[in-house]
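*Asks:* Fold the following.
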Amino acid sequence: MTAKQTVMHISDCYLPRLGGIEVQVAELARIQATAGHMVHVVTATPAHTPDLEEGDAPRLHRIVAPLPFELPVHPRAGRALAHLLAVVAPDVVHVHVGAVSPFAWTAVSQAVRAGLPTVVSVHSMWDPLTSGIYRVLDVAKWRTWPIVTAAVSTAAARPLQDVLGIRAEVRVIPNGFDPVAFQPDPAARTALRTELHLSTDTPLIGMVARYDRQKDHQTFVAAAARLHARMPNVHFVLCGNGVDQSNAELVGWVTAAGLSHRCHILGERNDVARVTAALDLATLSSAYGEGFPNVLGEAMACEVPCVATDVGDSAHVVGDTGRIVPARDSDALAGAWGELLTAGNDELEALGQRARRRVLENFSISRVTHAYEAAYRSVVDSTVGSRQPIPDVP
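*Replies:* Numbers count the residues shown, from 1 in each chain. Take a look at the predicted model:
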């Protein structure tokens, strides 16, 4: 976007949640606002404290319904979204979609109905059930609407392409990372080890991930037990939503593996960059369902080599800067950890430097912002002079 524009991001999920979609939308909105664009973020996620809007920060609109578990869903969002779109009259509407995103789907329909240039980004993998639901909802009609559709990974693009049809264009625009927020930090290494009452030279392997079957913490713990038998000086760190001492299942696995004093369960952290930069190796042990895992890019930006399972676009993200192992294979995961740790500090440092270069060259937030700007230009050009309602939009 060369000229200053008004951009409206719409997402079911947003801060203070700290998942992949939430963080990516917030970062993209921040970068665009800093560049001088008028940026609005609309979400169904409730806030725990009042939102602070200062300086050139994005303008935040929460359309929230009082639902159990603070679900980011609003059963009557259509009218509120239509009103907000009419009042703000954005130059571009950018809708962010997860696996099941009723708020976002409503936003797509309302934006197209209003004749507004619209970009839709799919951030999550659509499994066969999800794809089936969207076929029933006739999402394939999108290809007849004046919108640009993108996915954050080739893995996420495939099921989307299947639903939309082979003639529909699906762009792949990966997630992006701020190399200033995530960078090597020797002080973080010392600080986290001090917090855990460990010596400064203790090897640390960690995973930042919410507690979910998809992330397969059980395989992580099983691999940790195998590595501990060979390298008892290694410690392990787990953190994320639901990854805390109240999680009886997770604590039970750790205890049964004899790792109560070696595997540190830290809960959800607000200093993820600091924790990540403190690791010797970062891991993602997911069994399925990954699109573009943010935690890998964040670790790589911190010059921390990654070991990940071959799920989604993880292998593409890591490239030749770490190791990829089969999903649900604790032996292979432990073996990759051991191989890298025994390779020595010089090899780990070289891998880490290569990893950061890979992020800067391929996945920096600035590159991703430019890619979305191209998508914005494309959809604006296609609707210039024709900002009229689309008659067949429900």
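
*Asks:* Let me see the domain layout of the protein.
*Replies:* Domain ranges of the chain: 6-176+364-383, 186-362, per automatic domain parsing.

*Asks:* Mean pLDDT lowest where, among those domains?
*Replies:* Ranked by mean pLDDT, the domains of the chain bottom out at domain 6-176+364-383, with a mean of 87.

*Asks:* Show me the helices in the stretch 151-300 of the chain, by range?
*Replies:* 154-164, 186-195, 217-230, 248-256, 272-277, 294-301 (DSSP state H, counting those that start in this stretch).

*Asks:* Just checking the distance from stretch 192-205 to the centre of its chain.
*Replies:* Distance of stretch 192-205 from the chain centroid (C-alpha atoms, centre = their mean, to the nearest Å) equals 27 Å.

*Asks:* Going by neighbour count, which residues in it are buried?
*Replies:* 192-193, 203-205 (16 or more other C-beta atoms under 10 Å). For the C-beta atoms, the positions are set from N, CA and C on the backbone; glycine is no exception.

*Asks:* what's the first-to-last distance across that stretch?
*Replies:* 12 Å (C-alpha to C-alpha, to the nearest Å).

*Asks:* Check stretch 58-65 too.
*Replies:* Stretch 58-65: ends 22 Å apart by C-alpha to C-alpha.

*Asks:* just use 42 as the starting number from now, easier for me
*Replies:* In the new count, where the first residue is 42, that last one comes out as stretch 99-106.

*Asks:* Please tell me how far that stretch is from the chain's geometric centre.
*Replies:* 20 Å.

*Asks:* Kindly report the same for stretch 267-278.
*Replies:* With C-alpha atoms, centre = their mean as the basis, the mean position of stretch 267-278 lies at 29 Å from the chain mean.

*Asks:* Give me the contacts around it.
*Replies:* Stretch 267-278 is contacted by residues 233, 237, 239, 243-248, 261, 265, 298-300, 303-305, 307, 316, 320, 371-372, 375, 378-379, 382 when judged by C-beta atoms under 8 Å, 6 or more residues apart in numbering.

*Asks:* at 7 Å what do you get?
*Replies:* Defining contact as C-beta atoms under 7 Å, 6 or more residues apart in numbering, one finds that stretch 267-278 is touched by 239, 243-247, 265, 300, 303-305, 307, 316, 320, 371-372, 375, 378-379, 382.

*Asks:* How about stretch 357-365?
*Replies:* 333-334, 337-338, 341, 346-349, 351, 355-356, 377, 381, 392, 395-396, 399.

*Asks:* And for stretch 213-233?
*Replies:* 61, 65, 68, 162, 191-195, 198, 241, 314-319, 333, 335, 338-339, 342-344, 400-401, 404-406, 408-410, 412-413, 416.

*Asks:* And the strands in this structure, which stretches?
*Replies:* 47-52, 79-84, 100-103, 133-138, 159-163, 188-192, 211-213, 245-249, 276-280, 304-306, 322-325, 347-350, 364-366 (DSSP state E).

*Asks:* Can you check what angle separates the fifth one from strand 188-192?
*Replies:* Orientation note: strand 159-163 sits at an angle of 20 degrees relative to strand 188-192 (axes from the mean of the first three to the mean of the last three C-alpha atoms, to 10 degrees).

*Asks:* The fourth one now?
*Replies:* Computed by the same axes, to 10 degrees, the angle separating strand 133-138 from strand 188-192 equals 40 degrees.

*Asks:* Surely R58 and T86 touch.
*Replies:* Yes - using C-beta atoms under 7 Å, R58 is in contact with T86, at 5.9 Å.

*Asks:* returning to what we had before: for ChimeraX, write a command that selects the buried ones of the contacts of stretch 213-233.
*Replies:* Entered in ChimeraX, the line below selects the buried ones among the contacts of stretch 213-233, by 16+ other C-beta under 10 Å:
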select :61,65,68,162,191,192,193,194,195,198,314,315,316,317,318,319,333,335,338,339,342,343,344,400,404,405,406,408,409,410,412,413,416
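
*Asks:* can I assume A121 is in contact with V105?
*Replies:* No - with contact defined as C-beta under 7 Å, A121 does not count as touching V105 (9.9 Å).

*Asks:* Relative to L125, which of the helices of the stretch 192-341 of the chain is closest?
*Replies:* When the helices of the stretch 192-341 of the chain are compared for distance to L125 using C-beta to C-beta, the nearest one is helix 195-205, at 26.4 Å.

*Asks:* re the thing from before, can you put the strands of the chain in JSON lines and add distance to T147?
*Replies:* Formatted as JSON lines, the strands of the chain follow (distance: least, C-beta to C-beta, whole Å):
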{"stretch": "strand 47-52", "distance to T147": "9"}
{"stretch": "strand 79-84", "distance to T147": "11"}
{"stretch": "strand 100-103", "distance to T147": "14"}
{"stretch": "strand 133-138", "distance to T147": "9"}
{"stretch": "strand 159-163", "distance to T147": "12"}
{"stretch": "strand 188-192", "distance to T147": "14"}
{"stretch": "strand 211-213", "distance to T147": "21"}
{"stretch": "strand 245-249", "distance to T147": "32"}
{"stretch": "strand 276-280", "distance to T147": "34"}
{"stretch": "strand 304-306", "distance to T147": "38"}
{"stretch": "strand 322-325", "distance to T147": "32"}
{"stretch": "strand 347-350", "distance to T147": "34"}
{"stretch": "strand 364-366", "distance to T147": "38"}
